[in-house]
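Structure for the following, please:
(one chain, ligands or ions: 3)
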Amino acid sequence: MIPLQIVDERFKKIYEIILSAGEILKEGFSSAVSIQEKGIKDLVTEYDIRIENFLKEKLKKFNTNFVAEESFLTYDFSNSFIIDPIDGTTNFAHKIPHTAISVAYYENNKVIYGFVYNPILNEFFYAKKGEGAYLNDKKINVSKIDNFQRSLIATGFPYSSAENEEDLNFVITKLKHILPRCQDIRRLGSAALDLCYVASGRYEGFYEINLKPWDVAAGILILEEAGGIVSDNFGEEYDLIESKCIVASNGLIHEKFIEILNKK
Ligand code: IPD
Ligand code: CA
Ligand code: CA
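Ligands and ions are numbered 1, 2, ... in the order given. Modelled structure (predicted):
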């Protein structure tokens, strides 16, 4: 059992439920899994559904709405759990151990709890608004690197790149500007973990287009509680539904990051 640092009974109960959901993910990771295609590139496995159903069943006692990827109907965030049962499904389907359960709890117009759990690597990132961010039993902070050329930057490629040329061009143009100006780029395949890796100082920054609230709601809180910053690609406030591009960083490289992303 991983020691939990935040003293809040409701938080602890939710944390325990996500820990149990992690056992289901681990079972799926070590067995043959049935996989279906939601889109040309977008996969769903029987375990995405199983984990989501398990979380909804266990979390319903908190009397909330659910905004959950595999049973999504509308963006009704009022007192809701925002759930991605498996973030990094392509990794999960290919047995790459970079995949996580992401759960945010939204109350009074903001996310107040964030949980991102990779049970394969036994890494549980979590935060409560105003109380800092943690990886297992350790408080985490963003890195102190303030030089973009020394910065390790993460990104992701939208599933829409298969059919939307504008999105594909966005990816290529941004890579062309970012890659020569940073230390290197990583595309590990889980936006929730990308945000947590910025939060824990492994990366200096992360950007991606077309993400959904369940990809980022928990990770954003974890990053902000670790001292990081999130905006859109114009440096404006990131809106979970409306914004096209997320830009997340340790804060120190943010201005430069936005400047480079806006090069023509
Ligand atoms: C995906 C991952 C990936 C990102 C995609 C997401 P999924 O979520 O976060 O890193 O590049 O845009 O959709 O499909 O594995 O839940
Ligand atoms: Ca996702
Ligand atoms: Ca998912």
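
contacts, neighbours, all on C-alpha from now
OK.

Which residue does the stretch 151-264 of the chain have closest to ligand 3?
Distances between the stretch 151-264 of the chain and ligand 3 by CA to the ion are smallest at Asp215, namely 7.4 Å.

could you say which helix or strand contains Gly114?
Assigned by DSSP states H and E, Gly114 belongs to strand 110-118.

So what's the residue count around whatever residue of the stretch 101-250 of the chain ends up closest to ligand 2?
Ligand 2 sits closest to Asp215 of the stretch 101-250 of the chain, with a gap of 4.3 Å, by CA to the ion. For Asp215, the neighbour count with other CA atoms under 10 Å is 28.

Double-check that it belongs to a helix.
Yes - under DSSP: H, G, I helix; E, B strand; the rest coil, Asp215 sits within a helix.

isn't it right next to Ala192, touching?
Yes - applying CA atoms under 8 Å as the test, Asp215 and Ala192 come out as touching, 5.5 Å apart.

which neighbours do the two share?
Residues touching both Asp215 and Ala192 by CA atoms under 8 Å, 6 or more residues apart in numbering: Asp87, Ser102.

And the strands in the stretch 1-150 of the chain, which stretches?
Using DSSP state E, counting those that start in this stretch, the strands of the stretch 1-150 of the chain run over 35-37, 43-45, 65-68, 80-87, 100-107, 110-118, 123-128, 133-135, 138-139.

Which of the helices or strands spans the residue nearest the centre of the chain?
In the chain, the residue lying closest to the centroid (CA atoms, centre = their mean) is Ala192, at 1.4 Å. If you go by DSSP H and E, Ala192 is part of helix 191-199.

and the angle for that helix with strand 80-87?
100 degrees (axes from the mean of the first three to the mean of the last three CA atoms, to 10 degrees).

Just list the residues touching the residue of the stretch 101-250 of the chain closest to ligand 2, thanks.
Residues near Asp215 by CA under 8 Å, 6+ apart: Asp84, Asp87, Ser102, Ala191, Ala192.
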